[in-house]
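1. how would this look folded up:
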Amino acid sequence: MSGSTENTLARLAGGQWGMFTAAQATAHGVARSTLLRREQAGALERVRTGVYRLPGVPSDRLDEIRAAWLASEPENSAWERLSNPDVVVGGGAAAWAHQLGDLYPSPILMYSRKRRQTRHDDVRYSTRSVPEQDVTVLDGLPVTTRERTIADLVDEPGTDLSLIADALRDAERSDADLDTGRLIQLLGDRSKRLGYPTGADLYAHLRSLTQVDEERLRDLLAHTNLRDMVAALSNERVLSILSSLEHLNPQLTAEQLDAMIAPIRSSLLIALNEQVKNAIIPLGADLPIVKMPRVNLPESVKKALTLPALAELQQLAVPRIALTVPPLPEEVRSRLADLALPGNAADAQTKSATAEPAEAAQDE
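-> As a prediction, the model looks like this:
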């Protein structure tokens with residue numbers, strides 16, 4: 001193959017992951033017979049029918065998907081198609097591109113604005129127009145966003161919800177922020193078919209399967225002083241109760257005081273555990289339309305969050321204990337600090353926090 005032909009193919013492969021199509025080569029004066037001879041000589045690699053890769057270009061886990069996308073419009077270059085892509089990778093193939101879950105992209109699903117047909121069993125076209133907000137570009141490949149990908153997996157025939165939950169788990173763990181509101185909106189179009197009244201209900205079920213909140217709680221207990229903070233807060237609450245009881249009747253014996261305080265201690269511990277669980281829910285998921293799944297605390301965690309014994313409390317000074325700020329992330333400190341608020345203030349703050357997103361949702 002002449003130097004000019006090699007240069008032509010190199011220019012075509014630039015910006016296309018080291019690949020080019022036979023149609024592109026033919027349009028630039030390189031005969032298909034030349035490509036065939038070069039392939040037989042080992043100087044070109046055929047990735048799929050009509051798509052070749054230059055020698056020396058390292059393979060990648062997305063090469064099959066990229067080659068299928070190039071073959072969907074073989075005459076046009078990748079960079080020309082990205083400004084307004086007519087073909088977008090979706091479904092399991094998009095999940096594979098985003099590294100969500102364990103779904104293998106077979107067949108490779110691609111959405112197209114116009115009807116397309118293929119003779120290849122490893123590719124499937126679906127005729128639909130994907131909104132611009134649901135399309136992103138990963139290293140030059142147009143794919144559906146993570147939110148749209150997870151929602152579209154619900155439409156895939158035979159896909160188990162646990163596999164979709166695995167994809168959601170990986171999306172929740174990733175560094176990029178998952179747009180929970182958009183995901184719930186997209187799930188709303190599919191929820192009733194699966195027996196869930198709303199997209200929020202379906203999201204809550206999927207999220208409960210991910211166990212990401214249990215993992216966050218375990219991390220907080222292992223790597224922060226959350227236990228100490230819960231103990232300090234419980235001391236403060238119980239001391240306040242003890243102070244009021246002693247003021248009403250200073251003649252109470254320790255046994256009488258213990259009997260009176262026991263049910264209060266039990267309900268207080270439940271409330272504290274619930275608020276600790278609330279604190280580990282990511283702030284982006286605090287939407288008024290979502291009933292977030294709560295962590296079912298294992299026994300080992302419950303023991304770590306128990307209140308101090310009454311005898312220990314009686315040895316402490318009755319005035320409230322000052323709450324020290326632990327080295328926790330800002331959003332966690334803010335939410336845990338709510339535990340020390342009086343009931344009315346905490347309720348008011350909760351109502352305010354839910355009212356603002358609701359107003360924003362109406363504006364949308």
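
2. which other residues reach stretch 128-137?
-> Identification of contacts with stretch 128-137 by C-beta atoms under 8 Å, 6 or more residues apart in numbering yields 82, 85, 88, 90, 111-113, 142-145, 147-148, 182, 186. Yep, even glycine has a C-beta here, placed from its N, CA and C like the rest.

3. I'd like the average pLDDT over stretch 154-174.
-> Here the mean pLDDT over stretch 154-174 is 88, rounded to a whole number.

4. what residues sit buried inside that stretch?
-> 154, 156, 159, 163-172 (16 or more other C-beta atoms under 10 Å).

5. any low-confidence regions in the stretch 51-200 of the chain?
-> Where the stretch 51-200 of the chain drops to pLDDT under 70, the residues are 175-176.

6. ok, which stretches of it are helices?
-> 63-72, 78-81, 91-98, 146-153, 161-173, 180-188, 199-210 (DSSP state H, counting those that start in this stretch).

7. name only those of the contacts of stretch 128-137 that count as buried.
-> Among these, those classed as buried by 16+ other C-beta under 10 Å are 85, 88, 90, 111-112, 142-145, 147-148, 182, 186.

8. adding distance to R11, write those out as JSON lines.
-> Output for the buried ones among the contacts of stretch 128-137, formatted as JSON lines (distance: C-beta to C-beta, whole Å):
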{"residue": "P85", "distance to R11": "22"}
{"residue": "V88", "distance to R11": "26"}
{"residue": "G90", "distance to R11": "30"}
{"residue": "Y111", "distance to R11": "30"}
{"residue": "S112", "distance to R11": "27"}
{"residue": "P142", "distance to R11": "22"}
{"residue": "V143", "distance to R11": "26"}
{"residue": "T144", "distance to R11": "30"}
{"residue": "T145", "distance to R11": "32"}
{"residue": "E147", "distance to R11": "37"}
{"residue": "R148", "distance to R11": "34"}
{"residue": "R182", "distance to R11": "39"}
{"residue": "L186", "distance to R11": "40"}
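
9. which members of those residues are the farthest-apart pair?
-> By the measure C-beta to C-beta, these have their two most distant members at S112 and R182, which lie 22.6 Å apart.

10. could I get the contacting residues of the closest residue in space to R81 that isn't next to it in sequence?
-> Closest residue to R81 apart from its sequence neighbours, by C-beta to C-beta, 6 or more residues apart in numbering: E73 at 6.3 Å. By C-beta under 8 Å, 6+ apart, the contact list for E73 reads 81, 86-87.

11. which one (most neighbours) among the residues you listed?
-> Counting neighbours by other C-beta atoms under 10 Å, the top entry in these is V87, with 21 neighbours.

12. so that one makes contact with S112?
-> Yes - because the distance of 5.0 Å satisfies C-beta atoms under 8 Å, V87 is recorded as touching S112.

13. what residues do the two have in common as contacts?
-> Taking C-beta under 8 Å, 6+ apart as the contact rule, the neighbours common to V87 and S112 are S72.

14. and T118, how far is that from D63?
-> Distance check for T118 against D63: by C-beta to C-beta, to the nearest Å, it reads 18 Å.

15. please apply the same query to E215.
-> E215 sits 33 Å away from D63 when distances are taken as C-beta to C-beta.

16. residues of stretch 49-62 that come out buried?
-> For stretch 49-62, the neighbour count (16+ other C-beta under 10 Å) marks 50-54, 62 as buried.

17. next: stretch 121-128.
-> If you call a residue buried by 16+ other C-beta under 10 Å, then stretch 121-128 has these buried ones: 123-125.

18. just to revisit the earlier point, okay if I get the buried residues of stretch 49-62 as TSV plus distance to S33?
-> As requested, these are exported to TSV (distance: C-beta to C-beta, whole Å):
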residue	distance to S33
G50	14
V51	17
Y52	14
R53	19
L54	18
L62	30
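
19. from those, pick the one nearest G199.
-> Within the set of the buried residues of stretch 49-62, L62 lies nearest G199; the separation is 29.6 Å, counting by C-beta to C-beta.

20. was I right to think the closest one contacts H98?
-> No - the pair L62 and H98 does not pass the contact test of C-beta under 8 Å, sitting 10.6 Å apart.

21. before we move on, back to that, okay, T118 and D63: which has more neighbours?
-> Neighbours were tallied for T118 and for D63 using other C-beta under 10 Å; the higher tally belongs to D63 (19 against 15).

22. just give the closest residue to that one, not the sequence neighbours.
-> Counting by C-beta to C-beta, 6+ apart, the residue nearest D63 is V47, at 6.1 Å.

23. so what strands line up beside the strand or helix carrying the one you found?
-> With elements taken from DSSP states H and E, the one containing V47 is strand 45-48. Applying DSSP bridges to the sheet, strand 45-48 is found paired with strand 51-53 (antiparallel).

24. about what we covered before: among the buried residues of stretch 121-128, which lie within strands?
-> Judged by DSSP state E, the buried residues of stretch 121-128 include 123-125 as members of strands.
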